[in-house]
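[1] what follows is a predicted structure for the sequence shown.
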Amino acid sequence: MAASAIFILDLKGKVLICRNYMGNIDINVIDNFMPIMMKSEEDADLSPVVIHGSTHFLWIKHSNLYLVAITKKNTNAALVYSFLYKIVEVFTEYFKSVEEESIQDNFVTVYELMDEVMDFGFPQTTDSKILLEYITQQGHKLEVGAPRPPATVTNAVSWRSEGIKYRKNEVFMDVIESVNLLVSATGSILRSEILGSIKLKTILSGMPELRLGLNDKVLFEITGREKSKSVELEDVKFHQCVRLSRFENDRTISFIPPDGESELMSYRLNTTVKPLIWIESVIEKFSHSRVEIKVKARSQFKIRSTANNVSILVPVPSDADSPKFKTTTGQAKWVPEKNAVEWNIKSFPEDIFLLWCSQWWPTTVRLQAFLQITFSVFIRTKTFIQTTLKGGKEFMMRAHFGLPSVESNEMEAKPPITVKFEIPYFTVSGIQVRYLKIMEKSGYQALPWVRYITQSGDYQLRTN
């Protein structure tokens with residue numbers, strides 16, 4: 001069992017919406033929730049589960065609302081909290097912002113949604129794309145002659161409707177990896193990890209089945225393939241459409257995809273990552289009246305790759321003023337509210353040909369390999385591109401600031417340098433889509449397109 005009842009309260013504990021799914025509790029029991037919460041806050045003993053006798057309140061706070069699930073029996077707490085956060089996502093899809101006013105203005109729609117997302121205490125359809133097909137803000141209540149709920153509500157494939165048709169069938173897949181990195185002032189890596197996700201945009205008719213093959217290390221060990229080109233994925237999480245039993249048996253990712261955009265899977269690699277963009281910073285003070293900051297940025301990724309929209313945020317003393325900048329490329333500006341200099345580089349290394357190529361260019365798996373070979377040959381044969389993309393490409397930025405004539409005796413903490421960037425056609429982990437097969441009973445032809453992107457996550461380098 002999940003929950004006997006769901007309540008939505010304002011910050012004072014007033015009930016805005018409630019739904020008693022099982023009828024086994026007195027709805028007035030919610031009056032005990034807020035006093036217990038206030039007492040817990042005073043005692044600094046706030047818990048996500050509030051207990052009153054045999055009644056358990058499982059709650060979350062969103063904006064100026066409390067969403068509270070009540071149960072009297074042993075329940076799956078993880079399922080309840082997952083449901084509460086999911087219902088917030090559904091409300092956000094409908095009302096854009098979820099707060100007291102939007103709940104009051106749309107109470108009819110909220111009641112309809114609460115009736116559909118849970119049945120007798122068990123979560124049901126929580127996919128907003130499916131709910132939007134038959135519960136609309138305009139209609140409020142379902143009337144006679146209104147569209148009937150699609151088969152997905154009771155169908156095993158609850159994330160996709162039947163009868164979808166497109167003139168052109170395509171699948172766009174993005175393999176996106178975010179690099180989290182923390183480097184000490186001495187240059188040693190204190191923390192590094194890769195957070196990856198595979199996102200889909202599906203434009204397919206009917207009820208197709210897709211099979212995705214990756215260079216998964218476990219799969220390669222099972223089949224006896226070469227291990228050097230494989231990737232060991234950790235903390236893998238799949239969309240509900242993926243057949244988990246099939247994946248556990250032979251590592252095949254088989255699924256009927258949702259229509260439109262979705263995240264197929266996410267993963268993590270807790271591994272040592274070589275900094276893709278290395279930053280060196282030197283700060284010099286002159287007679288306590290001015291300061292000069294020298295920053296050197298160096299690329300440390302593959303020769304044929306290009307980082308786009310690079311932004312380097314360099315902290316400066318909080319009392320600095322009168323900025324002057326000089327850069328070998330890009331533009332620098334002072335951001336006083338952050339006490340930092342922001343150095344923006346559109347393309348790193350800066351090359352017209354690769355800047356054009358790095359724009360979104362959908363490629364099939366085979367075409368991706370062809371382009372990589374073509375780029376490699378082009379780089380070897382064109383002297384001017386070879387010079388531009390030489391390893392260890394560096395750019396410089398200098399910033400001059402004035403300082404007050406009276407120096408403060410207080411030691412000011414030095415925040416780290418933060419870097420943001422995006423590198424297309426590249427994954428730092430080396431993950432690859434080996435194949436993406438599309439099978440549909442009508443036998444239509446569909447094109448799969450794959451794009452790889454590496455981007456910065458929490459990417460920081462400390463300075464002396």
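    Received the coordinates, thanks. Only a predicted model underlies this, so the values are computations on that prediction, with no experimental measurement involved.
[2] Val171 is in contact with Ile203, isn't it?
    Yes. In this structure, Val171 is within contact of Ile203 by CB atoms under 8 Å, at 7.2 Å. In this view, the C-beta of every residue, glycine as well, is placed from N, C-alpha and C.
[3] pick out whichever of those two has more residues nearby.
    Using other CB atoms under 10 Å as the criterion, Val171 and Ile203 rank with Val171 on top: 19 against 16.
[4] can you tell me the SS state at the more buried one?
    Using DSSP: H, G, I helix; E, B strand; the rest coil, the structure places Val171 in strand.
[5] and it, what is it in contact with?
    By CB atoms under 8 Å, 6 or more residues apart in numbering, the contact list for Val171 reads 200-204, 210, 257, 436, 438, 446-449.
[6] does anything pack onto the helix or strand hosting Ala78? Which helices or strands?
    Assigned by DSSP states H and E, Ala78 belongs to helix 77-95. Where contact means 3 or more CB pairs under 8 Å, 6 or more residues apart in numbering; DSSP states H and E, helix 77-95 is packed against strand 55-62, strand 65-71, helix 100-105, helix 107-117, strand 122-123, helix 128-131.
[7] what does that helix contact?
    With CB under 8 Å, 6+ apart, helix 77-95 has contacts from 2-3, 6, 48-49, 58-60, 62, 67, 69, 71, 98, 102-103, 106, 109-110, 113-114, 117-118, 123, 126, 128, 131-132, 137.
[8] what do you get if the cut-off is 6 Å, keeping everything else the same?
    With contacts defined as CB atoms under 6 Å, 6 or more residues apart in numbering, helix 77-95 is touched by 2-3, 58, 60, 62, 67, 69, 98, 102, 106, 117, 123, 126, 128.
[9] what do you get for stretch 314-328?
    If you take CB under 6 Å, 6+ apart as the criterion, stretch 314-328 is touched by 295, 332, 334, 339-341, 395-402, 404, 415, 417.
[10] send the alpha carbons of it over as CSV?
    Extracted in CSV, the C-alpha atoms of stretch 314-328 (Å, rounded to 0.1, in the frame of the first residue of the first chain):
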residue,chain,number,x,y,z
VAL,A,314,38.0,34.3,-12.1
PRO,A,315,37.4,35.7,-8.6
VAL,A,316,38.9,39.1,-7.8
PRO,A,317,39.2,41.0,-4.4
SER,A,318,35.9,42.4,-3.3
ASP,A,319,37.2,45.9,-3.0
ALA,A,320,38.7,46.0,-6.5
ASP,A,321,37.6,48.7,-8.9
SER,A,322,38.5,50.5,-12.2
PRO,A,323,38.9,47.3,-14.3
LYS,A,324,41.0,47.0,-17.5
PHE,A,325,41.3,43.9,-19.6
LYS,A,326,43.5,42.5,-22.4
THR,A,327,42.9,39.1,-24.0
THR,A,328,44.5,37.1,-26.8
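[11] tell me which residues in stretch 40-57 are buried?
    By 16 or more other CB atoms under 10 Å, the buried positions in stretch 40-57 come out as Val50, Thr55, His56, Phe57.
[12] quick one: residues contacting the nearest residue to the first one once chain neighbours are set aside.
    Spatial nearest neighbour of Val50, excluding adjacent residues (CB to CB, 6 or more residues apart in numbering): Phe57 at 4.0 Å. With CB under 6 Å, 6+ apart as the criterion, the residues that contact Phe57 are Phe33, Val50, Val68, Ile70.
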